[in-house]
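[1] Just the structure for this:
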Amino acid sequence: MNKKQPIRLVIVDLDGTLLNSQHQISVRSQEALAVLNQKKIPVVISTGRSLHGTLKIFDFHESSWPHPVSMYNGAMIARGKSTLHEIALKHDIVARAIKVSLDHGFSVCLQSKDQVFIDDPNHQLLRSYNLARFQPTIVDNLFDVTARILKVTVLGEPKLVLDFLAQCQQSEYLRDFSVVAGSTNLVDFTAVSATKKTSAEWLSFYLGVASEEIMAIGDQSNDLEMIRWAGVGVAMGNAIDAVKEVANFISKDNDADGVVYALEQHGLL
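    Numbers count the residues shown, from 1 in each chain. From the prediction side, this is the model:
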């Protein structure tokens with residue numbers, strides 16, 4: 001249990017963390033969020049999902065949710081329908097990510113605040129994430145997209161994605177990116193200054209809460225630095241080993257209400 005500082009802010013990932021394997025927020029988790037809200041302990045959702053993908057799961061636009069939501073791995077922070085913070089990729093930088101990904105034979109998806117761009121009506125991302133619900137824009141050439149892109153997502157077979165991720169993280173050609181695994185078969189490119197950790201730092205300043213007073217909960221490599229940075233870093237039971245290694249506390253998995261368990265064990269419920 002954290003005995004140094006009271007926890008005044010909780011930052012929690014969605015997929016593999018707050019969401020169970022059915023991509024739902026359990027009743028227990030919903031009740032826990034309501035309790036923290038009553039105690040005036042803000043809960044910030046921090047996800048790699050786009051605005052569209054987040055709203056499908058967690059409609060913070062239409063609900064009375066009062067707290068910020070960080071999306072696109074930290075490239076955009078919103079509260080209600082207002083954008084608080086945004087870091088877009090420059091057009092020539094986006095082109096680099098497209099080129100290296102296509103050269104490796106991967107499917108590529110460009111995400112702006114309002115649109116999702118793909119170049120194939122049979123795109124793998126349509127099948128995996130049902131992006132048709134988000135009405136993606138199909139273009140002839142991704143290099144011609146001029147919208148403000150917040151994230152480039154690449155999809156492939158897990159083993160190939162893992163090798164590709166390692167190459168990208170060591171490449172000087174991609175030094176202007178933050179490159180992380182969104183899941184076992186996804187690689188996400190954002191601006192080098194747009195990560196879940198940098199968004200947590202921004203929120204720490206915005207909300208006036210020190211890092212020592214923050215609990216961060218997650219499961220994947222895009223959560224790792226945020227979990228290492230927070231005063232209380234929590235790895236889900238289903239987290240990858242690298243995340244567990246930097247965490248202060250390892251909780252139950254996402255199908256066993258691991259978020260609720262972590263909150264209980266730290267005296268927040």
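
[2] ranges for the helices of the protein?
    Per DSSP state H, the chain carries helices over the ranges 27-38, 51-57, 91-103, 124-129, 158-169, 196-207, 221-229, 241-246, 258-265.

[3] Could you give me the buried positions within the second one?
    Residues of helix 51-57 classed as buried under the neighbour-count rule (16 or more other CB atoms under 10 Å) are L51, H52, G53, T54, L55, I57. Bear in mind the C-beta positions are built from the backbone N, C-alpha and C, glycine included.

[4] of these, closest to S204?
    Checking the buried residues of helix 51-57 against S204 with CB to CB, the nearest one is T54 at 20.9 Å.

[5] Skipping adjacent residues, who's closest to that closest one in space?
    Spatially, and ignoring its direct neighbours in sequence, T54 is nearest to M71 (5.3 Å; CB to CB, 6 or more residues apart in numbering).

[6] what's the spacing between that neighbour and A88?
    Using CB to CB, to the nearest Å, M71 is found at 13 Å from A88.

[7] And these two? Which one has more around it.
    Taking other CB atoms under 10 Å, M71 and A88 do not tie; M71 has more neighbours (27 against 20).

[8] Just list the residues touching that one, thanks.
    Applying CB atoms under 8 Å, 6 or more residues apart in numbering to M71 gives the contacts T47, G48, R49, S50, L51, T54, I77, A78.

[9] run the last query once more with 6 Å
    With contact taken as CB atoms under 6 Å, 6 or more residues apart in numbering, M71 is in contact with T47, R49, L51, T54.

[10] and what of I214?
    Counting by CB under 6 Å, 6+ apart, I214 touches L9, A230, G231.

[11] Any stretches of the protein with poor pLDDT?
    1-4, 62, 124-134 (pLDDT under 70).

[12] domain ranges for it?
    Residue ranges for the domains of the chain, per automatic domain parsing: 9-86+194-265, 93-191.

[13] Buried deepest among the ones you listed, which one?
    Highest mean neighbour count among the domains of the chain (mean count of other CB atoms under 10 Å): domain 9-86+194-265, with a mean of 20.

[14] Span of it from start to end?
    16 Å (CA to CA, to the nearest Å).

[15] Next: stretch 173-182.
    Span of stretch 173-182 from end to end, CA to CA: 21 Å.

[16] got a list of contacts for that stretch?
    Contacts of stretch 173-182 (CB under 6 Å, 6+ apart): G48, I93, L165, C168, Q169, D188, F189, T190, V192, T195, S221, N222.

[17] what's the answer for stretch 234-241, then?
    17, 217, 219, 243-244, 247, 249-254, 258, 262.

[18] With stretch 192-208 instead?
    11, 44, 46, 70, 73-75, 77, 85, 87, 176-178, 211, 222-223, 225-226, 229.

[19] Let's see which of the residues you listed end up in strands.
    Under the assignment DSSP state E, the contacts of stretch 192-208 contribute I11, V44, S46, S70, I77, H85, F177, S178 to strands.

[20] Among the residues you listed, find me the one that's closest to G267.
    Among the ones in strands among the contacts of stretch 192-208, and counting by CB to CB, the member closest to G267 is I11, at 17.5 Å.

[21] one step back: turn the contacts of stretch 173-182 into TSV, columns for distance to H104.
    Output for those, formatted as TSV (distance: CB to CB, whole Å):
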residue	distance to H104
G48	20
I93	18
L165	11
C168	9
Q169	14
D188	15
F189	13
T190	19
V192	21
T195	23
S221	19
N222	20
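
[22] Farthest-apart pair in the residues you listed, please.
    I93 and S221 (21.0 Å).

[23] before we move on, the earlier item: switch the contacts of stretch 234-241 over to CSV; also include distance to L110.
    Shown next, in CSV, are those (distance: CB to CB, whole Å):
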residue, distance to L110
T17, 25
I217, 29
D219, 25
V243, 27
K244, 32
A247, 32
F249, 37
I250, 36
S251, 34
K252, 36
D253, 32
N254, 29
G258, 33
A262, 35
